[in-house]
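Trainee: I'll drop the sequence and a predicted model, then ask my questions.
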Amino acid sequence: MKNKQLTVVAAVVGLMLLLSSAAAFAQDNYQYRADRISTQGRITTMTREGDQYRVTLNHGAYTYYVPVSTVVNRDLRVGDRVRIDGLISGDVVNADMVAFPGEASYARDPMYRGVPYGSIGWMSGVVQSTNRHMGYLTVRDDANGINYKIDVRNMDRSRPINVWGLRPGDHITINGGWENRNTFNATRIEY
């Protein structure tokens, strides 16, 4: 009887360890990263280089390297609208997800996490309104659907963007950090 009880206890402990490691693994896969960007745009140039595509979009200064395996059986062409998600290294983004309009990942990137308060990084969302007089935009964050004020007065002037050309409904990606819990200070915007 004692051996049977020990076996049951060992099985329960083993199951608990297995479940806790699976939860930790899932949590690590969905953790926020400041060097991750999720952006949408139209492909302006594209070349195949080995097992990946070198892609530029109609905005910003990044070059996106998209593995052929990420595209799967879809046809990637100049002129296509896409969402690309990946890790930034300098002026290069190593993509690990590409989505087309009509796909669930295009509207809501499953890998995108909002920038935690007190952190810097890339926020992705849809412009709700602009206030040129006060120097801010209102953007609905893709991660949680909450509207945040985006302060654009201190943006990086070496990478200019016509912020006041943005319109409600435009999808943008903003690099910056939190001024307070409701205001995100933009240093760079991609759209």
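Mentor: Perfect, I can see it now.
Trainee: Okay, domains of the protein per the record?
Mentor: The chain is divided into the following domains under automatic domain parsing: 36-107, 120-190.
Trainee: wait, which of those domains is closest to Arg113?
Mentor: Of all the domains of the chain, it is domain 120-190 that lies closest to Arg113, at 5.8 Å by CB to CB. (Glycine included, C-beta is placed from N, CA and C.)
Trainee: Kindly state the pLDDT recorded for the closest residue to Ala143 other than its chain neighbours?
Mentor: Leaving out its chain neighbours, the residue that sits closest to Ala143 by CB to CB, 6 or more residues apart in numbering is Gly114, at 3.3 Å. Gly114 carries a pLDDT value of 79.
Trainee: secondary structure class for Gly114?
Mentor: Look at Gly114: counting by DSSP: H, G, I helix; E, B strand; the rest coil, its state is coil.
Trainee: Report the secondary structure state of Tyr106.
Mentor: Per three-state DSSP, Tyr106 ends up helix.
Trainee: correct me, but it touches Gly41?
Mentor: No. Counting by CB atoms under 8 Å, Tyr106 does not reach Gly41; the two are 11.7 Å apart.
Trainee: Which one of these two is surrounded by more residues?
Mentor: The residue with more neighbours, out of Tyr106 and Gly41, is Gly41; 22 against 16, by other CB atoms under 10 Å.
Trainee: Leaving out chain neighbours, which residue sits closest to that one?
Mentor: Spatial nearest neighbour of Gly41, excluding adjacent residues (CB to CB, 6+ apart): Leu57 at 3.3 Å.
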